[in-house]
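In: Sequence and predicted structure below; questions after.
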Amino acid sequence: TGTLIGKKDKIEKEQLRGKVVPQSDLYSLGATMYTLLTGKQPLAIKQCSPQAANSKVSASLDSLVQELTNFDEQLRPGSAKAVKARLIEIAGPESSKILLSKSTNFGGVNADNT
């Protein structure tokens with residue numbers, strides 16, 4: 001019975017119930033990653049597998065997106081830092097120089113914030 005802000009395909013079940021947790025933002029990140037990797041909008045409140053829509057997506061990146069969009073928030077990664085570490089691992093050690101370096105800021109929010 002409250003106000004919802006956001007697109008229905010990026011909102012997780014706990015926000016619909018009014019009980020947002022830190023992993024709620026991680027669900028939205030996973031849904032956004034799905035869109036970027038496939039060019040398609042994910043189905044609302046559904047676990048996403050970008051590899052099913054784009055065979056060029058690696059198994060490890062597909063697995064991360066599936067974890068991020070898991071219906072059970074307890075099964076999502078524990079923090080944005082954990083997701084960052086997984087992305088660097090997936091992209092390879094050289095990527096850490098350009099992928100979300102400690103100096104990266106997005107609208108005043110440092111990439112290391114959780």
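Out: Everything's here; your move.
In: Output the helix or strand harbouring Q51 as CSV, nothing but the C-alphas.
Out: Secondary structure from DSSP states H and E places Q51 in helix 50-53. Taking Å, rounded to 0.1, in the frame of the first residue of the first chain, the C-alpha atoms of helix 50-53 are listed here in CSV:
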residue,chain,number,x,y,z
PRO,A,50,21.1,-14.0,-20.4
GLN,A,51,22.9,-17.0,-22.1
ALA,A,52,19.5,-18.4,-23.0
ALA,A,53,18.9,-15.3,-25.1
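In: tell me which residues of it are tucked away?
Out: The neighbour-count check on helix 50-53 (16 or more other CB atoms under 10 Å) flags 50-51 as buried. Every residue, glycine included, has its C-beta placed from N, CA and C.
In: Helices along the chain, start to end?
Out: In the chain, the helices defined using DSSP state H lie at 13-16, 22-38, 50-53, 59-68, 80-91.
In: nearest to Q74, of those?
Out: Among the helices of the chain, helix 22-38 comes nearest to Q74, with 7.8 Å by CB to CB.
In: could you say what helices and strands that closest one packs with?
Out: Contacts defined by 3 or more CB pairs under 8 Å, 6 or more residues apart in numbering; DSSP states H and E place helix 22-38 against helix 50-53, helix 59-68, helix 80-91.
In: Please repeat the previous calculation with a cut-off of 10 Å.
Out: Contact analysis of helix 22-38 by 3 or more CB pairs under 10 Å, 6 or more residues apart in numbering; DSSP states H and E lists helix 13-16, helix 50-53, helix 59-68, helix 80-91 as its packing neighbours.
In: can you redo the ones you listed as a markdown table with mean pLDDT and distance to L29?
Out: As requested, the helices and strands packed on helix 22-38 are exported to a markdown table (pLDDT from 0 to 100; distance: least, CB to CB, whole Å):
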| stretch | mean pLDDT | distance to L29 |
| --- | --- | --- |
| helix 13-16 | 57 | 13 |
| helix 50-53 | 94 | 13 |
| helix 59-68 | 95 | 6 |
| helix 80-91 | 91 | 7 |
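In: any chance of the ones you listed in JSON lines, plus distance to L36?
Out: Output for those, formatted as JSON lines (distance: least, CB to CB, whole Å):
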{"stretch": "helix 13-16", "distance to L36": "21"}
{"stretch": "helix 50-53", "distance to L36": "9"}
{"stretch": "helix 59-68", "distance to L36": "10"}
{"stretch": "helix 80-91", "distance to L36": "12"}
